[in-house]
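Asker: with the input below, show me the fold.
(2 chains)
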Amino acid sequence: MYQAPRGTSDILPEEQAYWRFVEQKVTSICQLYGYERLDSPVFEDTGLFARSVGPGTDVVEKEMYTFTDKGGNQLTLRPEGTAPVCRAYLEHGMPNLPRPVKLYYYFIPVFRYERPQAGRYRQHYQFGFEAIGEDDPALDAEVIDMAWQFFLSLGLHHLSLQLNSIGCRQCRPIYLNALKNHYASHATELCTDCKVRLERNPLRLLDCKKSSCQAVADSAPRSTDYLCSECRVHFSRLKEYLKLLKIPFTLNHRLVRGLDYYTRTVFEIQPRDAGAQSTLGGGGRYDDLIEELGGKPTPAIGLAAGIERMVLNLKKQAVAVPPFPRPQVFIAHLGNEAKDEAIKLASRLRQASTSIIMATGQRSLKAQLRQANTSAIRHAVIIGEQEVKSGTVVLRDMTNARQKTVNPAALPGLLG
RNA sequence: GUGAGUGUAGCCCAGUGGUCUAAGGCGCCAGGUUGUGGCCCUGGAGAUCGAGGGUUCAAAUCCCUCCACUCACCCCA
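Answerer: Below is the predicted model:
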């Protein structure tokens, strides 16, 4: 027997109500904030991701699904959503559009070769949005506001917004240097992982969870103390705007994010009783990315959020989502002539926009009604030999067991 | 890639060497009502006990290998 590949899963009918619910909230928030949808291909040139996400990151180094196609092209199933949007932005001349250009994507499959665990998969789905071409901290605030309002609109409670600024290409190197010096002077206290991080990706040192490293992290220099004057002003304006908007945020000096393209503002939204894979959504500025991909210097900011984690939290917090709509009518029949009539009736009603499940096979009326019942269908239409003779049908209301003989032409008007 | 736990019907699970030709519940199918669901009663179908190998007179049960799932590390959504 075949199984779905490791780390992938089927989204079964009983799950769909959650996914539909999220989709509806995504579309409405994006419409509310003036974002337009962009769908990009599932795979891209490997170089696009290697370059933007960063050659030293785990995502690029060991998690990409990369393959060579028959034409010899190096391609990669997308491990994230921002780089493709930036590629499309450049490819289709969007720098000429009024700024900022606001784009969103929804339900894109994202692939990373990782060991699966709660809330983490090899193929998962993301929603995200990007605002490209503006460095005003008011835009940062709007993006964070949009993310915050979105998660609230899902009905999730006890969320926390973590915020930090990691500086720009002027001030970040100075900070990284200070950070490295600090850690180097505590090198003997560090775990083996952190010794590697010190060389490869010093920002990641900050979120090591080992207690010995936590102590070093607690006394480590903070990126916000090393911001250049522009970045400092930018960050403090952002905080003012967030206060203006009454969005509660927690400054988190350890929040760094794992992709190299982030600059200045970084943020994450997490449920407060967080498990291991807690982040619902995260994002930040990537002011150098468009330039890195061959465009003119163009500041930008965005967010990505994982749909599975939303669904996980909707269930955990017992949020009631609208049920998937059931067909209105079940058509039961007895005998061959009645079946012919039933087939014709089903077709006519569907053309009149009435949703129908018609019994197939030759089962007893009891079995047919049992199916209508378990399928949670409100009305049953029954056609037997008597009805065929008189040109009528029996309409039964399954919620109260009342039924009457009616003319089939009158059916559409009789269905609640 | 590392560590821990778990794999018995569609689902939940009992069974820890012979009485297992594997129990129960949910669900499914059928009958009890020769044309009427939900409750109840009765019956039925459905399991090569994750896979392969080994120990033993005898393995769902013990051992080994592999696979999968779960959780955690790592990293992120």
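Asker: any low-confidence regions in chain A?
Answerer: A:273-277 (pLDDT under 70).
Asker: quick check: residues of the stretch 101-250 of chain A near RNA strand B?
Answerer: Counting by CB under 7 Å from any atom of the strand, the stretch 101-250 of chain A comes close to RNA strand B at A:110, A:112, A:114-121, A:124, A:126, A:193, A:197, A:204, A:207-210. For every residue, glycine as well, the C-beta is placed using N, CA and C.
Asker: taking these, please make a PyMOL selection of just the buried ones.
Answerer: Applying 16 or more other CB atoms under 10 Å to these, the buried members can be selected in PyMOL as follows:
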select buried, chain A and resi 110+112+119+120+121+124+126+197+204+207+208
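Asker: which of the residues of the stretch 101-250 of chain A next to RNA strand B fall within strands?
Answerer: A:Val110, A:His124, A:Gln126 (DSSP state E).
Asker: before we move on, the earlier item: looking at the residues of the stretch 101-250 of chain A next to RNA strand B, which are in helices?
Answerer: A:Asp193, A:Arg197 (DSSP state H).
Asker: can you list the domains in chain A?
Answerer: Chain A breaks down by automatic domain parsing into domains covering A:13-171+A:227-316, A:329-414.
Asker: how far is the shortest one from where the chain is centred?
Answerer: Right, the one you point to is domain A:329-414. Distance of domain A:329-414 from its chain centroid, counting by CA atoms, centre = their mean, to the nearest Å, is 41 Å.
Asker: repeat for the longest one
Answerer: Mean-position distance between domain A:13-171+A:227-316 and its chain equals 10 Å (CA atoms, centre = their mean).
Asker: so which residue of the stretch 201-350 of chain A comes closest to RNA strand B?
Answerer: A:Gly258 (0.7 Å; CB to the nearest atom of the strand).
Asker: tell me which element that residue is part of?
Answerer: Applying DSSP states H and E as the criterion places A:Gly258 outside every helix and strand.
Asker: for A:Arg99, see how far away it is.
Answerer: Note on A:Gly258: its distance to A:Arg99, by CB to CB, to the nearest Å, is 28 Å.
Asker: where do the strands sit along the stretch 201-350 of chain A?
Answerer: Secondary structure of the stretch 201-350 of chain A, counting by DSSP state E, counting those that start in this stretch: strands at A:250-251, A:263-271, A:281-285, A:300-306, A:329-333.
Asker: let's have these in JSON lines, adding mean neighbour count and distance to A:Cys228.
Answerer: Formatted as JSON lines, those follow (neighbours: other CB atoms under 10 Å; distance: least, CB to CB, whole Å):
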{"stretch": "strand A:250-251", "mean neighbour count": "13", "distance to A:Cys228": "18"}
{"stretch": "strand A:263-271", "mean neighbour count": "24", "distance to A:Cys228": "10"}
{"stretch": "strand A:281-285", "mean neighbour count": "25", "distance to A:Cys228": "14"}
{"stretch": "strand A:300-306", "mean neighbour count": "24", "distance to A:Cys228": "18"}
{"stretch": "strand A:329-333", "mean neighbour count": "26", "distance to A:Cys228": "68"}
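Asker: as JSON lines, the ones you listed with distance to A:Glu341 would be great.
Answerer: JSON lines is the format used below for these (distance: least, CB to CB, whole Å):
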{"stretch": "strand A:250-251", "distance to A:Glu341": "66"}
{"stretch": "strand A:263-271", "distance to A:Glu341": "55"}
{"stretch": "strand A:281-285", "distance to A:Glu341": "54"}
{"stretch": "strand A:300-306", "distance to A:Glu341": "50"}
{"stretch": "strand A:329-333", "distance to A:Glu341": "7"}
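Asker: what is the burial count for A:Arg363?
Answerer: Other residues near A:Arg363 come to 15 when the count uses other CB atoms under 10 Å.
Asker: just to revisit the earlier point, now, of the domains of chain A, which is deepest in the fold?
Answerer: For the domains of chain A, the largest average neighbour count (mean count of other CB atoms under 10 Å) is found in domain A:13-171+A:227-316, namely a mean of 18.
Asker: what's around the nearest residue to A:Cys208 once chain neighbours are set aside, how many residues?
Answerer: Once flanking residues are discounted, A:Cys208 sits nearest to A:Cys194: 5.3 Å by CB to CB, 6 or more residues apart in numbering. The number of residues packed near A:Cys194 is 22, by other CB under 10 Å.
Asker: show me what contacts A:Cys194?
Answerer: Contact analysis of A:Cys194 by CB atoms under 8 Å, 6 or more residues apart in numbering lists A:Tyr183, A:Leu205, A:Cys208, A:Lys210, A:Cys213.
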